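Trainee: give the three-dimensional model of this entry:
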Amino acid sequence: MKIWKAIFSPTGGTGKTTDIISKELGADVEKIDLTDAVCDFDSFGFNGNDVVIIAVPSFGGRCPDTAVSRISALHGNGARAVLVCVYGNRAYEDTLIELCDTAKGAGFSVVAAVSAIAEHSIVRTVAAGRPDDDDKITLREFASRISEKLASGCIGEPSVPGNRPYKSWGGSGMVPSANNKCTSCGICAEHCPVSAIDKADPAKTDKDRCISCMRCLEICPNGARELDEEMFLASKRRLEEICRERKLPELFM
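Mentor: Numbers count the residues shown, from 1 in each chain. The predicted model follows:
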C-alpha cells in the first residue's frame, strides 16, 4: 500500500492538519502540491492499492475552484481516498460534499472524510494557533480509526454533509496588493497558485485571476503585500463575532 497526499494549502493550515493525519497512516508519504501552477496533474495515476489523502481549505463554504480542476485531472483508478476539509472555525457548508463528488469523478473510492479547524487564512486572530494540542489528539484518533478501516478492506463510502446544488460563492473580494516595501524579488509571483501576480512586475496583480488565497501575504519576506484596510477590518469584526464558539473536528466513515 502506497500513501499519497494531494494538498491545496496556500497558507499552510491545511498542510499542518493533513500532516497530523498522514503521519499516523504511514511513515513514507508522497506529496502532490495542488497549489503548483505549472504541475502536470494529468500525469498522476494511481491504483486500487493506493491511499490518497485529498485535502483542501474551505473557501466560503466551497472547494476552491482551482483545487477542483486539479483534483479532477488526477487519475484515481479506484484508489482509496481520505478527504480532508479545513476551515477557519466559521463553517465548511458544502465543501466536503463537493470534494467527495470531485474525488469520485476523478475515479477515487472515498472511504473516509474529516473536517478540521485551522487558523483563518485572512483574519489570523480567528482560530489562532489551531490545530492545537487538543485538535492533534482528536486527529490522531481519527487517523487510527481510518487506518483500521483501510486494513479491514472495507471500502464503504461515508455520508458527508452538504447540499446539491452547492451554495454559490463569488469570492471574498479581497485582493492583496504591493506596498512601498516591495523589492520586486518575485517570490510572491513564483508561488502564486494561479499565476495572478506579474513575474516581470510583482506590483501588478490580475484581480480577476486572484482567488484571495493569501499565499502572497504569507510568504513575502518583507511584509510587502497587504489588504484594503477598511475591507479587512470589516471582515475581522464580522468573523470575530460569529466565530466565538469553538468548532471541533469531525470524522465521517
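
Trainee: the helices in the stretch 1-150 of the chain, which residues?
Mentor: Counting by DSSP state H, counting those that start in this stretch, one finds helices in the stretch 1-150 of the chain at the ranges 13-25, 65-73, 95-105, 133-152.

Trainee: which among those helices is found nearest to Asp50?
Mentor: Closest approach to Asp50 among the helices of the stretch 1-150 of the chain (Cβ to Cβ): helix 133-152, 10.9 Å. Bear in mind the C-beta positions are built from the backbone N, C-alpha and C, glycine included.

Trainee: got the helices of the stretch 1-150 of the chain as CSV, with distance to Val123, mean neighbour count and mean pLDDT columns?
Mentor: Below are the helices of the stretch 1-150 of the chain laid out as CSV (distance: least, Cβ to Cβ, whole Å; neighbours: other Cβ atoms under 10 Å; pLDDT from 0 to 100):
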stretch, distance to Val123, mean neighbour count, mean pLDDT
helix 13-25, 13, 21, 95
helix 65-73, 21, 19, 98
helix 95-105, 18, 22, 98
helix 133-152, 19, 16, 97
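
Trainee: nearest to Pro202, out of those?
Mentor: helix 65-73 (19.8 Å).

Trainee: strands of the stretch 51-200 of the chain, start to end?
Mentor: Ranges of strands within the stretch 51-200 of the chain are 51-57, 80-87, 109-117, 177-178, based on DSSP state E, counting those that start in this stretch.

Trainee: dump these to CSV, plus distance to Ala6, mean pLDDT and mean neighbour count.
Mentor: CSV is the format used below for the strands of the stretch 51-200 of the chain (distance: least, Cβ to Cβ, whole Å; pLDDT from 0 to 100; neighbours: other Cβ atoms under 10 Å):
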stretch, distance to Ala6, mean pLDDT, mean neighbour count
strand 51-57, 5, 98, 27
strand 80-87, 9, 98, 28
strand 109-117, 13, 98, 24
strand 177-178, 31, 94, 18
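
Trainee: mind putting the ones you listed in CSV, distance to Leu99 included?
Mentor: Below are the strands of the stretch 51-200 of the chain laid out as CSV (distance: least, Cβ to Cβ, whole Å):
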stretch, distance to Leu99
strand 51-57, 6
strand 80-87, 5
strand 109-117, 8
strand 177-178, 31
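
Trainee: do you know which of the ones you listed lies nearest Asp134?
Mentor: Once the strands of the stretch 51-200 of the chain are compared by Cβ to Cβ, strand 109-117 is nearest, at 10.4 Å.

Trainee: re earlier: switch the helices of the stretch 1-150 of the chain over to a markdown table; also include distance to Asp33.
Mentor: Conversion of the helices of the stretch 1-150 of the chain to a markdown table gives the following (distance: least, Cβ to Cβ, whole Å):
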| stretch | distance to Asp33 |
| --- | --- |
| helix 13-25 | 9 |
| helix 65-73 | 10 |
| helix 95-105 | 17 |
| helix 133-152 | 21 |
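
Trainee: which of the ones you listed sits closest to Ala79?
Mentor: Going by Cβ to Cβ, the one of the helices of the stretch 1-150 of the chain nearest Ala79 is helix 95-105, 9.6 Å.
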